[in-house]
Structures are given as structure tokens and as C-alpha cells.
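# Curious how this folds, go ahead:
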Amino acid sequence: VQLVESGGGSVQAGGSLRLSCVVSGYIVSMGWFRQAPGKGLEWVSTIKRGGPTTYYADSVKGRFTISQDNAKNTLYLQMNSLKPEDTAMYYCAADRRYSGGSLRNPADFVYWGQGTQVTVSS
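From the prediction side, this is the model:
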């Protein structure tokens, strides 16, 4: 399974960006994580095949939307009302296992993309 992200960039506070992650292979669950400079990996959102069922970190709830296009094998993260504290490297992650819960732990995902940088200026 390979994951290839795109869509990062620089934007002013209040702006929007949409991240994409093209996936090769069958996947059950996918998620987005981010890592700001000098900080650890932070869970952002998860989507599970079926519902689909979605989960969001409190810090992005109401501003970010995770979605997937199964026909295009692509995961998206629509990010609106961006804040400087959203600045980070964003990673998509995927797994083939059927697992319960919101999958907030990086260990819940086996496959990872290379990351795409998002920079939000004030």
C-alpha cells in the first residue's frame, strides 16, 4: 500500500486548504495526523469505511472535514478557518484492520504518507 499526499501550502489565517492523499490498495480506515515544529505527532481526524464514520480532534472540529472518494482511491482533508496553530507537517495514514474506536493512536495505522507542509501566517 502506498500513500501520496498533496495540497499543502502557505495561507493566511482564516483561509482554506484541501489536502489529498491517493491510496493504492484496499484500506479500511484512514486518518490524518500532524506534527508541528518541536512537537509530537498529533491526531487530527479519522474516517472508517462503511458509514463512513468520522472522528475529529477537538482542536479542528467544526473547521476541518475528512472525506474519501472510493472511486478515486483518495482521502481528503478540507481545512477551513485556518489558524497559525494549524501550521504543521500533515501526514495521511491507513490501515487494513477492522478496529473499534476513533483510532487516535499512530500505532493504529500501518501505512503512512510522506507528509505535506501546511503553513498558516497571522
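
# CA only for contacts and neighbour counts going forward, please
Will do.

# tell me which residues form a beta bridge with the spatially most central residue of the chain?
Central residue of the chain (CA atoms, centre = their mean): Trp32, 2.2 Å from the mean position. Assessed by DSSP bridges, Trp32 has beta-bridge partners Ser45, Cys92.

# Look up the pLDDT of it for me, please.
Trp32 is assigned 98 on the pLDDT scale.

# What of the one 5 residues further on?
The per-residue pLDDT reported for Pro37 equals 92.

# Grab the nearest non-local neighbour of it.
Leaving out its chain neighbours, the residue that sits closest to Pro37 by CA to CA, 6 or more residues apart in numbering is Ala88, at 6.8 Å.

# again with Lys48
Counting by CA to CA, 6+ apart, Lys48 lies nearest to Ser29, which is 4.4 Å off, once chain neighbours are set aside.
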